[in-house]
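Novice: 3D, please:
(2 chains)
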There are 2 protein chains.
Amino acid sequence: MPGAPVKKVLALSGGVGGAKLALGLDRVLPEGALTVVANTADDFEHLGLYIAPDLDTVMYTLAGINDQERGWGLAGESWQCLDALGKLGAEQWFQLGDRDLATHIHRTAKLRAGASLSDATGQLCSALGVKARLLPMSDDPVRTLVRCGEGELPFQHYFVREQCRPEVRGFRFEGQAEASPQADFMALLADPALALIVICPSNPFVSVDPILGLPGVREALHSCPAPLYAVSPIVGDRALKGPAAKMMAELGLPVSAASVAAHYRGLVSTFVLDESDATLAGSIEEPAMRLITAPTVMKTLADREQLARVLLADAGVATA
Amino acid sequence: MPGAPVKKVLALSGGVGGAKLALGLDRVLPEGALTVVANTADDFEHLGLYIAPDLDTVMYTLAGINDQERGWGLAGESWQCLDALGKLGAEQWFQLGDRDLATHIHRTAKLRAGASLSDATGQLCSALGVKARLLPMSDDPVRTLVRCGEGELPFQHYFVREQCRPEVRGFRFEGQAEASPQADFMALLADPALALIVICPSNPFVSVDPILGLPGVREALHSCPAPLYAVSPIVGDRALKGPAAKMMAELGLPVSAASVAAHYRGLVSTFVLDESDATLAGSIEEPAMRLITAPTVMKTLADREQLARVLLADAGVATA
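Specialist: Below is the predicted model:
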């Protein structure tokens, strides 16, 4: 007798923070259950290479080859090419490791040969032994522009070159209105086997909004019977990683998980606060949102698995 | 009182063998005297990168950063990216070092941004401190195809992937008839200050013929009053480097410097034999060609300078 069909889980992710929860989910779910959709609005072309920072962070993390101390890129990386590029007078502000370069070179060659970003991602993941299905949010180009005093900065210029120093006034996602969400992503939202959607603890403004704002995605999330959870990337008055807290303050929002909850109002059914923010629950007035607390600070691999298990148990999804 | 204007010297070169003599000339000539025109018919696109093996060999050699033991590429090279490319399933037959990759990435980005190969080469040479002027033979694509039993092989497939194993029946230089020789190269052939042209000890079939066959080059060499020397790449019955001897045998030619002399008949005014081939001089029947002998086997830096000095002295060109 065939067993019950595997319940499916969808995680929406940016880079480092999202990748941690994606890894936890991947490790505790049965094979074939997890799909991760990654933000591609951070992607850019640099020195002629197509670079997809969030896709790569998730891919390297799921493949177990990411550098855990540095927090990005590959473990055991070397920097010979970057050093030589500097001697040739090339731009050096974006750190390109020798082994990471192989990903960019291989993917760029595939894209130039006509492959979609989804195809190229699938091939890379397969070569690296990634078990989960990893999808770009779209095969069409969407590019985050950060509005600041000096005008608009492409995201990687703001994030890496300027190290998030400029004061943020807003964001624009160039190409978003014309982009199609990735087809398998949309098909999954209509799949009766989908049992849970999790917005990972990623930056709501520059990692999650690019995905949510793709044409048809909000509508599909609304129509989808699976519960939509969001894990706060803000704990106390700090972002676990990256510029989310700084952005909030500059946008005039209180820096707290309450602002994240408000950001996802009307969309998210269950909002996940860190245990240390339990006292905040009483002050969050989101009547349509169920609030739960969980240990969301993921320092170890066990932390990642634990958070995944808490969410899955709460949503009634069986682990492996 | 201004001194006499610097006499100019032009070297036509392929890769390793030609680069050795180019370096010797560069070291003994006054600054501003030497121009090297390198074959670009070996160039190819690999993994989306524009690779110019002969230009790079000459450039790295003139910059003093080439690997002397391996005979190609950069000294102190590492291979992390190539290893990672292999793990991703990319083609690995062409050896791409991490530092060498910087050259390919930087140049490819310049070319895609609209720079000519000459511009890109000039910028790379300037960044690497190359003193001589290094020019590609053309800014237009010319590609050597090696005719063999199985049909035609692109040059790098024959040379690197197949390691010169297929039996050669002939060559075709795709794009040559439509290509323009590099403008500064042609201008130099018309410059009254040009005092010597040297065909370096490079492969006559696949390194020199692509240059000589460009539209207008033979005519310009004929009209040019500067003497045209050619140094034999064949010593005894062997090529100093590469497949020239094997090609000669497969084309039904005697493997000796005499075949090289015959190849350059009607063009070269002074043919340079290795001292060990002095006895051959009597048997070379090239009435229009003056034969001289010189120590052409360049193992050390001193050997490279010595051959350069012998040629320059013979042609009456002052050294620095």
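Novice: Specify the beta-bridge partners of residue A:229.
Specialist: residue A:198, residue A:270 (DSSP bridges).
Novice: which ones are touching residue A:216?
Specialist: A:181, A:186 (Cβ atoms under 8 Å, 6 or more residues apart in numbering or on different chains). To be clear about C-beta, it is placed using only N, CA and C from the backbone, and glycine gets the same treatment.
Novice: Check the spacing between it and residue A:11 real quick.
Specialist: Distance of residue A:216 to residue A:11, given as Cβ to Cβ, to the nearest Å: 19 Å.
Novice: cool, and residue A:76?
Specialist: Residue A:76 is 27 Å from residue A:11, by Cβ to Cβ.
Novice: what does residue A:102 give?
Specialist: Taken as Cβ to Cβ, the span from residue A:102 to residue A:11 is 26 Å.
Novice: Compare the two and say which one has the larger neighbour count.
Specialist: Taking other Cβ atoms under 10 Å in any protein chain shown, residue A:102 and residue A:11 do not tie; residue A:11 has more neighbours (29 against 25).
Novice: Tell me the secondary structure at the more buried one.
Specialist: At residue A:11 the chain is in strand, as set by DSSP: H, G, I helix; E, B strand; the rest coil.
Novice: Quick check: it touching residue A:36?
Specialist: Yes: under the criterion of Cβ atoms under 8 Å, residue A:11 makes contact with residue A:36 at 4.8 Å.
Novice: Overlap of the contact sets of those two?
Specialist: residue A:22.
Novice: The residue nearest to residue A:9 when sequence neighbours are not counted: neighbour count?
Specialist: Leaving aside its sequence neighbours, residue A:9 sits nearest to residue A:196 (Cβ to Cβ, 6 or more residues apart in numbering or on different chains; 4.8 Å). Residue A:196 has 23 neighbouring residues, counting by other Cβ under 10 Å.
Novice: Got phi/psi on residue A:196?
Specialist: When read as degrees, to the nearest 10, the backbone of residue A:196 gives phi -160, psi 140.
Novice: Does it touch residue A:313 like I think?
Specialist: No: counting by Cβ under 8 Å, residue A:196 stays clear of residue A:313, with 10.8 Å between them.
Novice: Report the contact partners of residue A:147.
Specialist: A:168-172.
Novice: and with 6 Å instead?
Specialist: Residue A:147 sits next to A:169-170 when contact means Cβ atoms under 6 Å, 6 or more residues apart in numbering or on different chains.
Novice: Now do the SS call for it.
Specialist: strand.
Novice: Figure out the helix or strand that residue A:184 lives in.
Specialist: Residue A:184 belongs to helix A:183-189 when elements are defined using DSSP states H and E.
Novice: One more: residue A:95?
Specialist: Going by DSSP H and E, residue A:95 is not in any helix or strand.
Novice: how about the residue in the stretch 201-320 of chain A that chain B sits nearest to, phi and psi?
Specialist: Distances between the stretch 201-320 of chain A and chain B by Cβ to the nearest Cβ are smallest at residue A:301, namely 22.8 Å. Dihedral angles phi and psi of residue A:301 (degrees, to the nearest 10) take the values phi -60, psi -40.
Novice: go on, residue A:115?
Specialist: Torsion angles at residue A:115 (phi, psi; degrees, to the nearest 10) stand at phi -70, psi 150.
Novice: so what's it closest to, chain neighbours aside?
Specialist: Looking at residue A:115 with Cβ to Cβ, 6+ apart, the closest residue is residue A:123, at 7.7 Å.
Novice: again with residue A:41
Specialist: residue A:210 (3.6 Å).
Novice: What helix or strand is that neighbour located in?
Specialist: Judged by DSSP H and E, residue A:210 forms part of helix A:209-212.
Novice: What count of nearby residues applies to the residue of the stretch 201-320 of chain A closest to chain B?
Specialist: Residues near residue A:301, counting by other Cβ under 10 Å: 14.
Novice: list the contacts for it?
Specialist: Going by Cβ under 6 Å, 6+ apart, the list of residues near residue A:301 is empty.
Novice: Can you name the residues that contact residue A:188?
Specialist: Residue A:188 neighbours (Cβ under 6 Å, 6+ apart): A:10, A:35, A:194.
Novice: one more time with 8 Å
Specialist: The contact partners of residue A:188, by Cβ under 8 Å, 6+ apart, come to A:8, A:10, A:35, A:194.
Novice: what are the bridge partners for the first one, then?
Specialist: As for beta bridges, residue A:8 partners with residue A:194 under DSSP bridges.
Novice: ok, it to chain B distance?
Specialist: According to Cβ to the nearest Cβ, to the nearest Å, residue A:8 and chain B sit 28 Å apart.
Novice: Settle this for me: that residue is touching residue A:192, isn't it.
Specialist: No: with contact defined as Cβ under 8 Å, residue A:8 does not count as touching residue A:192 (9.4 Å).
Novice: Specify which residue of the two has the higher count of neighbours.
Specialist: residue A:8 (21 against 10).
Novice: so what pLDDT did residue A:111 get?
Specialist: The model reports residue A:111 with a pLDDT of 97.
Novice: so is it in a helix, a strand, or just coil?
Specialist: Assignment for residue A:111 (three-state DSSP): helix.
Novice: Isn't it up against residue A:49?
Specialist: No: using Cβ under 8 Å as the test, residue A:111 is too far from residue A:49 to be in contact (10.0 Å).
Novice: okay, those two: which has more neighbours?
Specialist: residue A:49 (21 against 16).
Novice: Which residue, neighbours along the chain excluded, lies closest to that one?
Specialist: In space, residue A:49 is closest to residue A:104, 4.1 Å off (Cβ to Cβ, 6+ apart).
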